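Trainee: With the input below, show me the fold.
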Amino acid sequence: KMAASEAKSWRTELNNHPLFLRLRQGERDAKSTRTEARSLVVVQDGDIFVWNHRNSTLVTANLKTLLQDEAEVEKRPLKCQTLLCTDPPLCDVHHVTFSTTGNHIALWGPGGVSIMEVPRRWGKHAEFEGGKDKVNCRTFPVAERLFATQSSLQLLQVDWHPGSTSDTHLVILTSDNVLRIYDTVKPDSPFQSFQLGEFADSFSLHSSSNATFNQALGETAVSFTFAPPVDVPVHDKHKWKGDQAKKTETMYPVFILRGNEDVYYLLTSLEQKSHKVFLQGPLAMHPPAEDNYGIDACSILCLPCTPPLVVIATTTGRLYHCIVLQGEEEDTERRSEVSWTGSDVSTRSPLDMPEPSLYVYESVELELSLGGTPDDIDSYPDYQPDYCPIRLHPDPISDGRYHCSHAMGVHSVALPWIHKLQCFSQSDEEDKDSLLELSRDQSCIVEHLVCTRPVPSSPPAPILGLTMVGDQLLGPTLLCLTSDVTCIALPLLTHYANPPPPTLSSLPSEPITSPLRKLHSKPFDQRIRDILQRDASNPILRSIPKGSKPSDQECFQLLARATQVFRDEYIKKQYLAREEVEKRVDLLKEQKAQQLTDLDTLREDRKSLTEMAEKLAEKYEEANEKQQEYLRRVENVLKSLQARLPVLSDAEVSMKKELESLQDKLKHLKNSTQQVKTKWDYQKRQVTHNARQSPSPALSQSQTKHMKELLKQEGDKIGELVKEVNNMKLQCGV
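Mentor: Modelled structure (predicted):
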């Protein structure tokens, strides 16, 4: 109950967030000319991103901060960050699409596409660049030359390729019936290009809508979607010459929808830059219909289940749920593979794969408006219930549910039978009971969540964005951004949620180094010249011959024509150029202010770093002195520990041997000294005895002198021996 109440509170407080308060400023007074639904809001990892078309910025905020209590809000108030474009898109942005890893954002509309690099996060709350209010993000256009040289070319759909290991490959579908894959490292030239048929501009209609005959007949591609990857057998012997064990190649199928509801099947791979195109189709639809299930298709979506489920939407509000099944190999009559290589057409399949077929399981008609079709529909020129393009959105938390956004509201479609279909397809043997249960299962559940035009007299209010929140703390929620910049948060039922995914194994991954990228931008003066370029002009009038005078009606027609040309080709374009200049000036002022703020911040950081460096230097000196003192103390401790060890060192052992040798020498010297003393006593006794026997010795003077010298020498030797003995005693401590 507590979690449910917290989720309910953040949904009710979402519109009071500073992000939406800022976006709503000036929206009420501005007049909107939007007629189709857009996708200007997206949620990524609990953060919401909304495109602000007034100043060409992306505003973001963390939705988890709405779960804080009052005490936490005082410590960490609600805030939003603004991501500035270094090179703002020149065209109107209708959709915001995140890459698979969330490192890049595609900003695209009918006039082109630009890529914004998501800045890094750091700090306590993991905010962009530590929580700065405005962050400069590197932005660069993709296929800029293509859209600049072909003014009538329109961008129909953009999506990121799921097989890109570097997360830099972008897939775009244009109105010239070409599907291109661009690597954002080299955004000027396509990595791969697939011609989906004849060029759509070969028979152009001379009208302001830039329509073509192919578009009018529904023979051009209008939408595409990726299917789960498949392993395709490889028959090229030279391709896997070094790896004979690898006999298959992982390819990513693409379902391509044409306006006449023909579906084509295209296999793509990013392992080679120039890949041969194998386009299969149109795929057979069962049961067959006379009108091919309509001629007004607008969107296609593939749900990642087994077998894949394809959803086709039409502009009249009808949805078709088609199960994709592979055909039999021997069924060669239905195989219609086409390999487009210029004007050459090949009908042979080098992959030896049967063509898939679409089996229509059910069809649903959405209730677009609550008031129905009035009798006086001609009085409402902007009300077109038969033409309401629908955009399909997959549900990130459930494979059995998707959502529809259009100019009149939002619908949610749940497929309760998709789980049983997966169980039946994964069973080894044919289970008749499950097949019978599947046939008796209920049809899809359609919920009309938001209606922006309940009656025909209501003004147009198309949806500005639709996204899903899959965070566990916030709860499954559907966010809908209306035309008045009000965000409607609706909780989603979890009956159809997918089971938790298994734990991913830690596989070694090679680091991918990105080369230097060069930003190609069109000069602003050239942009102004393109705007001011005139498509028509007033001719020089010849002087009227004498006697002939044009009528007042003719003069009025000439004047009206000249006035209209001046108004359309001069004044109107000058207004557009002035608006472009003012917009550019505002953007430059904002970037200049942001740069000045960054400079002030860097100066303060440099000052604080200098002070911190001085403090660190002082602390280093103190730490060095203490380290020297600690080293001395450690040496003393080691010496004392070494002295207390019970085992003698090598120096001590050698000193012990030396002392023992000195002890032996002392004993020898002591014996020698004792012998000398004994001899001295003996000589003394002999002298005394001889003196008694001969009291008057008869010694000559020379004998006496010689005797004294001998005694003196013996006494000196004895004194030296005594000194040596005393010194040895002192050394030995005796």
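
Trainee: From now on I want contacts and neighbour counts done on CA atoms only, so please keep to that.
Mentor: OK.

Trainee: C-terminal to the helix or strand of the chain with the lowest mean pLDDT, what's the next element?
Mentor: Counting by mean pLDDT, DSSP states H and E, the weakest-scoring helix or strand in the chain turns out to be strand 344-346, with a mean of 35. Note on strand 344-346: by DSSP states H and E, the next helix or strand toward the C-terminus is strand 356-365.

Trainee: what about that following strand, distance to the chain center?
Mentor: In terms of Cα atoms, centre = their mean, to the nearest Å, the centre of strand 356-365 is found 35 Å from the chain centre.

Trainee: Show me what it is packed against.
Mentor: In terms of contacts (3 or more Cα pairs under 8 Å, 6 or more residues apart in numbering; DSSP states H and E), strand 356-365 is packed against strand 285-286, strand 318-326.

Trainee: What pLDDT is listed against residue 66?
Mentor: Turning to residue 66, the model gives it a pLDDT of 88.

Trainee: host element of the residue nearest to it when sequence neighbours are not counted?
Mentor: Spatial nearest neighbour of residue 66, excluding adjacent residues (Cα to Cα, 6 or more residues apart in numbering): residue 10 at 5.3 Å. Using DSSP H and E, the element containing residue 10 is helix 2-12.

Trainee: Now do the buried residues in stretch 49-67.
Mentor: Of the residues in stretch 49-67, 49-52, 56-63, 65-67 count as buried by neighbour count, 16 or more other Cα atoms under 10 Å.

Trainee: Which two of the residues you listed have the greatest separation?
Mentor: Pairwise distances across the buried residues of stretch 49-67 peak at 29.5 Å for 56 and 67 (criterion: Cα to Cα).

Trainee: Wasn't residue 35 part of a helix?
Mentor: No. Secondary structure of residue 35 (DSSP: H, G, I helix; E, B strand; the rest coil): coil, not part of a helix.

Trainee: Run through the stretch 51-200 of the chain and note the low-pLDDT ranges.
Mentor: Along the stretch 51-200 of the chain, the parts satisfying pLDDT under 70 run over 199-200.

Trainee: Enumerate the strands of it by residue range, in sequence order.
Mentor: Under the criterion DSSP state E, counting those that start in this stretch, the stretch 51-200 of the chain contains strands at 57-62, 81-85, 95-98, 104-109, 112-117, 121-122, 127-128, 134-137, 139-142, 155-160, 169-174, 178-183, 186-195.

Trainee: Rebuild the ones you listed as TSV, extending it with distance to residue 357.
Mentor: Output for those, formatted as TSV (distance: least, Cα to Cα, whole Å):
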stretch	distance to residue 357
strand 57-62	42
strand 81-85	45
strand 95-98	30
strand 104-109	32
strand 112-117	33
strand 121-122	47
strand 127-128	47
strand 134-137	45
strand 139-142	35
strand 155-160	24
strand 169-174	23
strand 178-183	22
strand 186-195	22
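
Trainee: Among the ones you listed, which comes closest to residue 649?
Mentor: Closest among the strands of the stretch 51-200 of the chain, using Cα to Cα: strand 121-122, at 57.1 Å.

Trainee: Show me where the stretch 551-700 of the chain dips below the pLDDT cut-off.
Mentor: For the stretch 551-700 of the chain (pLDDT under 70), the answer is 551, 554, 693-699.

Trainee: just the helices in the stretch 201-350 of the chain please.
Mentor: 213-216 (DSSP state H, counting those that start in this stretch).

Trainee: same deal with the stretch 451-600 of the chain?
Mentor: Using DSSP H, counting those that start in this stretch, helices in the stretch 451-600 of the chain cover 524-532, 552-566, 572-643.

Trainee: so can I have a markdown table of the ones you listed showing distance to residue 16 and mean neighbour count?
Mentor: Output for the helices of the stretch 451-600 of the chain, formatted as a markdown table (distance: least, Cα to Cα, whole Å; neighbours: other Cα atoms under 10 Å):
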| stretch | distance to residue 16 | mean neighbour count |
| --- | --- | --- |
| helix 524-532 | 38 | 13 |
| helix 552-566 | 48 | 13 |
| helix 572-643 | 25 | 13 |
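
Trainee: Dump those into JSON lines; add distance to residue 22 as well.
Mentor: Shown next, in JSON lines, are the helices of the stretch 451-600 of the chain (distance: least, Cα to Cα, whole Å):
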{"stretch": "helix 524-532", "distance to residue 22": "29"}
{"stretch": "helix 552-566", "distance to residue 22": "39"}
{"stretch": "helix 572-643", "distance to residue 22": "16"}
